[in-house]
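Colleague: quick one: sequence and predicted model below, then my questions.
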Amino acid sequence: MQTTKIQTKTIIDISDLNLFFGEKQVLKNIGMNIAEKMVTALIGPSGCGKSTLLRTLNRMHDLSPDAHISGDISIDGQNIFHKNIIVNNLRKKVGMVFQKPNPFPKSIYDNIAYGLQINGFSKEKIPQIVEESLHKSYLFEEVKDKLHEPATRLSGGQQQRLCIARTIAVKPDIILMDEPCSALDPLSTLKIEELILDLKKDYTIVIVTHNMQQAVRVSDFTAFMYLGELVEFDETIKIFNNPEKQLTKNYINGHFG
Amino acid sequence: MTIKTLFKENPLPMIVLLLCTLLVCVFLLLILGEIFSKGIPVLSWAFIIHSPENGMTEGGILPAIVGTLLLTLITTLVSLPFGIACAVYLSEYAQNNITTQIIRAAIRNLAGVPSIIYGLFGLALFVEVLQLGTSILSAGLTLGLLSLPYIITTSEEAMKTVPVSMREGAMALGATQFETIRDIVLPASVPGIATGIILSLSRAAGETAPILFTGSAFYVTGLPGNIFQEFMALPYHLYMLSTQHQSIAEVRPLAYGTATVLILLVFMLNIIAFLIRNKFRNKN
């Protein structure tokens, strides 16, 4: 099957990336370019390093003292490991949605307003941005009458959409999603997937997923990882219809994983 | 498996354990029953709002109540900021290395130091070296030191129960570590911290040995006017009425009354702790 190359512009450039937790090497020589305003899926069996790779992109490993990283990651041409990079500014630019919804123990409104406050958005604009973000994450209609109730009273799917809303509120360029639907029911999953396709217009999205159908449904590019290595990275259509490597073929056909 | 089936299978352990538990409760009830039955008849509005009279054989215990409240206030002002600061450091910033382990061991050991040692230490440091004299301030500082290990330990435990995912959520939005602690971790651990603080304060309020040498007095005319004076306190007043007074039999009812007031004050503190915990639990 013949595929036409999608025209893209690189936003994240990863080269020679190695990551160790103590003695154990978790990422081996990763090199890949992630395209702007596209959805890139990271797939592979548990423990292959896909979540670890995702978390290097906003330097979440800074929190674990035994993680050692070598190699380069550039975002918009800037090396994110450079000593002049202020990690909080990086994380404002590279937002993250986690596997389990993790709303703060605050009201729905404050969950979104919090990121705006710490990033210095002007007080007058906050209510408007909160509302916009709720609209964009298709949550507004469901919560408009209870904005000041605790976010923890929402359902799991609503909580995850709230976490997406609070991420997009601070206007990042890139959104990292670490298996965002794995704790959700099928209907909530469907809503999040629709949301991802919609957000692609404005944001670059990198999503880790265990669900191969999900990768097919939402992503433009797919990277298959195995034992810390990047086995194959190409357009999603190509990966799922005509992979180059036997390992990739075995995995997408469900022979292991 | 229900408790009933467990009981049927092997009744002995459950019976023994239940008896032990009941025995503990019986002693507690006996103590409270003894004190309340003899103390409550003495309680009256006059007992609360009057000073001791006639060589302490009559009158009330107002100076001792005010003294204990002031003392507890100073203890709070000393131990609360230092205790929470120390707990935040240990829970959020400290690397897990040998220095941290030594610090933790030191704090654990401080909790085990007998209270009379704190009293002598307070006498040496606050009263003598720092020249604060025998005063409410010296006694409050001493009790503050005594409470610190408990406050640090319970606050640290409370912060540790805040899930990592919550901290990551804040940091992923661009919050600094300090902002994460201030806005997410501390508010979420308020119930645990408040409970720990109030319980250790209620324990400090009932201590006699640490204030014995550092500021509490047998008798002071009038209410304390400033924190550099000697003062009367409920636990010391009770000790004195029960063992040091020249006519012990005559003042025995007053001693029971004092004990009742002290226990009620501690109960009130515990109820406040309970209310704070509930309030925050319902909010989230």
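Modeller: Yep, it's here.

Colleague: hey, let's count contacts and neighbours off CA atoms from now on
Modeller: Will do.

Colleague: let me see the ranges of the strands in the stretch 1-150 of chain A.
Modeller: Under the criterion DSSP state E, counting those that start in this stretch, strands of the stretch 1-150 of chain A are mapped to A:10-21, A:24-35, A:39-43, A:67-75, A:78-79, A:94-97.

Colleague: check those strands for me and report the most buried one.
Modeller: Of all those, strand A:94-97 carries the top mean neighbour count, a mean of 28, counting by mean count of other CA atoms under 10 Å in any protein chain shown.

Colleague: parallel or antiparallel, list what pairs with that one.
Modeller: strand A:174-178 (parallel) (DSSP bridges).

Colleague: what mean pLDDT does the partner strand have?
Modeller: Strand A:174-178 shows a mean pLDDT of 94.

Colleague: and the angle from that strand to strand A:39-43?
Modeller: In terms of direction (axes from the mean of the first three to the mean of the last three CA atoms, to 10 degrees), strand A:174-178 departs from strand A:39-43 by 30 degrees.

Colleague: give me the contact list for strand A:174-178.
Modeller: The contact list for strand A:174-178, computed with CA atoms under 8 Å, 6 or more residues apart in numbering or on different chains, reads A:51, A:54, A:93-99, A:167-168, A:203-209.

Colleague: next secondary structure after that strand?
Modeller: Going down the chain from strand A:174-178, the next helix or strand is helix A:186-199, by DSSP states H and E.

Colleague: and that next one, what does it pack onto?
Modeller: helix A:156-169, helix A:212-218 (3 or more CA pairs under 8 Å, 6 or more residues apart in numbering or on different chains; DSSP states H and E).

Colleague: at 10 Å what do you get?
Modeller: Applying 3 or more CA pairs under 10 Å, 6 or more residues apart in numbering or on different chains; DSSP states H and E, we find helix A:186-199 packed against strand A:39-43, helix A:126-136, helix A:156-169, strand A:174-178, strand A:204-208, helix A:212-218.

Colleague: rounded mean pLDDT for stretch B:277-284, please.
Modeller: In this model, stretch B:277-284 carries a mean pLDDT of 69.

Colleague: over to stretch A:38-51?
Modeller: On average, stretch A:38-51 scores 92.

Colleague: what about it and chain B, any contact?
Modeller: No. Legend: contact between stretch A:38-51 and chain B by CA under 10 Å from any CA of the partner chain is lacking; minimum distance shown is 14.1 Å.

Colleague: spell out which residues of the stretch 151-257 of chain A are next to chain B.
Modeller: So the stretch 151-257 of chain A meets chain B at A:Ala151, A:Thr152, A:Arg153, A:Cys163, A:Arg166, A:Thr167, A:Ile168, A:Ala169, A:Val170, A:Pro172, A:Leu176 (CA under 10 Å from any CA).

Colleague: closest residue of the stretch 1-150 of chain A to chain B?
Modeller: Scanning the stretch 1-150 of chain A for the residue nearest chain B gives A:Asn88, at 4.3 Å (criterion: CA to the nearest CA).

Colleague: make a PyMOL selection of whichever of the residues of the stretch 151-257 of chain A next to chain B turn out to be buried.
Modeller: Of those, the buried ones go into a single PyMOL selection, burial set by 16 or more other CA atoms under 10 Å in any protein chain shown:
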select buried, chain A and resi 151+152+163+166+167+168+169+170+172+176
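
Colleague: quick check: the farthest pair among the residues of the stretch 151-257 of chain A next to chain B?
Modeller: Maximum pairwise distance among those (CA to CA): 26.9 Å, between A:Arg153 and A:Pro172.

Colleague: contacts only, for the closest residue to A:Val216 other than its chain neighbours.
Modeller: Residue nearest to A:Val216 in three dimensions, not counting chain neighbours: A:Thr236, with 6.5 Å by CA to CA, 6 or more residues apart in numbering or on different chains. The neighbours of A:Thr236, taking CA atoms under 10 Å, 6 or more residues apart in numbering or on different chains as the test, are A:39-41, A:215-223, A:242-243.

Colleague: low-confidence regions, the chain specifically.
Modeller: Using chain A here. A:1-6, A:257 (pLDDT under 70).

Colleague: wait, I meant chain B there
Modeller: B:1, B:6, B:281-284.

Colleague: contact residues of it facing chain A?
Modeller: Going by CA under 10 Å from any CA, the residues of chain B near chain A are B:95-96, B:163-177, B:179-180, B:183-185, B:187-188, B:282-284.

Colleague: among those residues, which are located in helices?
Modeller: Among these, the members falling in helices are B:164-172, B:177, B:179-180, B:187-188, B:282-283 (criterion: DSSP state H).

Colleague: the residue in the stretch 51-200 of chain B that chain A sits nearest to - nearest residue in space that isn't next to it in sequence?
Modeller: Per CA to the nearest CA, B:Gly174 is where the stretch 51-200 of chain B lies closest to chain A, at 4.3 Å. Excluding the flanking residues, the one nearest B:Gly174 by CA to CA, 6+ apart is A:Asn88, at 4.3 Å.
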